[in-house]
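Novice: Using only what follows, build the 3D model:
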Amino acid sequence: MRLTALSLWALLAATVGLGNALLWSSVAQAQQRDDTNTGQSATHQPSSRLTESDIARMLPATDMGAGAAMRHGARVDASDDGPATPFDAASIPRNPLAPDADAIGAKSCAACHALESMQAAHSLHVASFRAGGASSGPQAACEACHGPGSEHAKNPAAPGLIIAYTRDAKTPVDVQTRTCLSCHVGGARQHWIGSVHQERGLSCTDCHNPMTRLSAEGVLANESINQVCATCHQDIRAQFNRRSHMPLPEGQMSCVDCHNPHGSITQPLLKTDTVNETCTTCHAEKRGPFLFEHAPVAENCLNCHTPHGSNQENLLALPVPMLCQQCHTNDDHVNDLLTRQSLRSGLVPDERVMERACLSCHSNIHGSNNPNGAKFHQ
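Specialist: Predicted coordinates:
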């Protein structure tokens with residue numbers, strides 16, 4: 001019995017000795033690693049760039065891949081005739097004011113911008129990015145529009161470290177529009193570069209607000225397309241209050257029925273190649289071809305009409321017959337210049353000016369297919 005107890009004490013002592021030896025060996029190795037790291041830190045200065053490990057330590061955990069997709073160039077290029085860019089393939093734009101920034105993910109953005117995240121949760125872009133980015137990298141989140149956010153997270157008060165979309169932002173307008181066009185390329189926007197709106201420095205957010213829902217469609221910055229256009233084109237909006245006008249105030253049409261605000265090959269941003277093509281889209285009965293054509297009608301509808309509104313009937317630029325006399329003087333009629341004094345209330349009333357004036361006889365003024373319609377009587 002005494003021999004067995006002595007054997008147990010000997011075994012316990014050997015085990016304790018072995019454990020101490022292993023412990024001292026681990027401490028020595030750790031101390032050696034610390035000395036090595038200290039020597040390396042003495043010879044290499046720490047980088048001022050915020051690393052991914054720094055972001056992971058400073059900000060909440062994120063389900064995004066912190067710049068991996070941006071470095072690997074994950075995106076789907078959209079062409080004019082190709083499919084639209086999917087929400088889960090939207091690329092992270094490069095911010096020229098923060099070229100070394102890395103992506104940090106939507107959860108990191110929401111850690112500071114909780115109010116903005118809540119207010120924009122119902123918007124079309126945010127909801128779509130969240131749906132499309134369920135199994136994607138950081139490109140399907142806040143940074144798909146605002147660029148990589150590591151530098152902004154490091155110094156939030158510094159302007160320009162994130163792509164902003166306000167008129168007083170440090171981000172250049174061309175960077176703002178280029179970011180939007182990285183997804184919204186082609187289609188109705190294929191003529192944006194070189195258009196009058198682009199040349200005058202307009203940004204997409206001058207007409208659109210993707211972070212809220214003010215309009216039924218189009219993420220507009222106002223309730224309707226007409227209100228957005230009237231923000232700048234107030235003189236044109238006033239023309240719709242004239243006696244004869246397009247039915248825009250009545251809600252039967254909008255500005256984009258005739259114009260493409262994102263650009264076209266025409267100076268007034270028409271949706272078609274010519275004024276006449278635009279007008280005859282609705283006024284098909286004036287299109288022709290006619291056996292007898294009226295030259296100014298075939299040339300341009302605006303020779304006789306004002307497109308938005310007029311104080312004359314039928315959107316005419318001048319009252320008849322003054323309008324007709326701009327071309328037809330001393331032709332087939334008595335050599336009289338008919339003026340406003342020839343009206344019923346004038347000094348020398350003339351029956352040729354009363355009622356419909358020239359149109360009383362020349363009724364088919366846009367053109368005629370009648371064999372006897374050379375003078376547009378029939």
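Novice: show me what contacts the residue nearest to residue 317 when sequence neighbours are not counted?
Specialist: Nearest non-adjacent residue to residue 317, counting by CB to CB, 6 or more residues apart in numbering: residue 306, 5.3 Å away. No exception for glycine: its C-beta is placed from N, CA and C like everyone else's. Residue 306 sits next to 239, 315-317 when contact means CB atoms under 8 Å, 6 or more residues apart in numbering.
Novice: Distance of residue 306 relative to residue 152?
Specialist: Separation of residue 306 from residue 152 (CB to CB, to the nearest Å): 50 Å.
Novice: Between the contacts of residue 306, which sits nearest residue 122?
Specialist: Residue 122 lies nearest to residue 239 out of the contacts of residue 306, by CB to CB, at 36.8 Å.
Novice: Isn't the closest one up against residue 233?
Specialist: No: the pair residue 239 / residue 233 is not scored as a contact, 9.7 Å apart, by CB atoms under 8 Å.
Novice: More neighbours: which of the two?
Specialist: residue 239 (18 against 15; other CB atoms under 10 Å).
Novice: what number of residues lie near residue 337?
Specialist: 10.
Novice: Kindly apply the preceding question to residue 115 instead.
Specialist: When neighbours are counted by other CB under 10 Å, residue 115 registers 9.
Novice: Next one: it, what pLDDT does it get?
Specialist: Note for residue 115: predicted pLDDT of 87.
Novice: Now it: which helix or strand?
Specialist: helix 114-119 (DSSP states H and E).
Novice: roughly how far is the helix or strand that that helix is followed by from the heart of the chain?
Specialist: Counting by DSSP H and E, the next helix or strand C-terminal to helix 114-119 is helix 124-132. Once both centres are worked out by CA atoms, centre = their mean, to the nearest Å, helix 124-132 turns out to sit 16 Å from its chain's centre.
Novice: got a list of contacts for whatever helix or strand comes next after helix 124-132?
Specialist: Per DSSP H and E, the first helix or strand lying C-terminal to helix 124-132 is helix 143-146. The contact list for helix 143-146, computed with CB under 8 Å, 6+ apart, reads 90-93, 103-106, 109, 125, 129, 149, 162-165, 179-180, 210.
Novice: Distance-wise, check residue 269 relative to residue 161.
Specialist: If you go by CB to CB, the gap between residue 269 and residue 161 works out to 35 Å.
Novice: related to what we said a few turns ago, and the contacts of residue 306, which two are furthest apart?
Specialist: It's 239 and 316 that sit farthest apart of these, by CB to CB, at 13.5 Å.
Novice: who touches both of the two?
Specialist: Residues touching both residue 239 and residue 316 (CB under 8 Å, 6+ apart) are 306, 310.
Novice: circling back to that earlier point, mind checking which of the contacts of helix 143-146 are in helices?
Specialist: Mapping the contacts of helix 143-146 onto helices (DSSP state H) picks out 106, 109, 125, 129, 179-180.
Novice: Let's have the residues you listed in JSON lines, adding distance to residue 229.
Specialist: Formatted as JSON lines, the ones in helices among the contacts of helix 143-146 follow (distance: CB to CB, whole Å):
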{"residue": "106", "distance to residue 229": "34"}
{"residue": "109", "distance to residue 229": "33"}
{"residue": "125", "distance to residue 229": "22"}
{"residue": "129", "distance to residue 229": "28"}
{"residue": "179", "distance to residue 229": "23"}
{"residue": "180", "distance to residue 229": "19"}
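Novice: Break this structure into its domains for me.
Specialist: Per the record, the chain has its domains at 57-188, 196-202+214-257, 283-368, by automatic domain parsing.
Novice: Just name the most buried of those domains.
Specialist: Highest mean neighbour count of the domains of the chain: domain 57-188, a mean of 18 (counted as mean count of other CB atoms under 10 Å).
Novice: For the nearest residue to residue 369 once chain neighbours are set aside, give me its contacts.
Specialist: Nearest residue to residue 369, sequence neighbours excluded (CB to CB, 6+ apart): residue 291, at 4.6 Å. Taking CB under 8 Å, 6+ apart, we find residue 291 in contact with 367-371, 373.
Novice: about what we covered before: now, the contacts of residue 306 that are in strands?
Specialist: With strands taken from DSSP state E, there is no overlap with these.
Novice: Which members of those residues occur in helices, if any?
Specialist: residue 239.
Novice: Give me the distance between the residue lying closest to residue 122 once chain neighbours are set aside and residue 239.
Specialist: Closest residue to residue 122 apart from its sequence neighbours, by CB to CB, 6+ apart: residue 213 at 6.4 Å. Residue 213 sits 30 Å away from residue 239, going by CB to CB.
Novice: same question, residue 309
Specialist: For residue 309, the distance to residue 239 (CB to CB) stands at 4 Å.
Novice: and for these two, which residues touch both?
Specialist: residue 245.
Novice: tell me the phi and psi of residue 305?
Specialist: phi -120, psi 150 (degrees, to the nearest 10).
Novice: and if you look at residue 270?
Specialist: With angles defined as degrees, to the nearest 10, residue 270 sits at phi -70, psi 150.
Novice: Not including adjacent chain positions, what is the nearest residue to it?
Specialist: Using CB to CB, 6+ apart and skipping the chain neighbours, the partner closest in space to residue 270 is residue 278 (5.1 Å).
Novice: Make sure the one you found is indeed in a helix.
Specialist: Yes: under DSSP: H, G, I helix; E, B strand; the rest coil, residue 278 falls within a helix.
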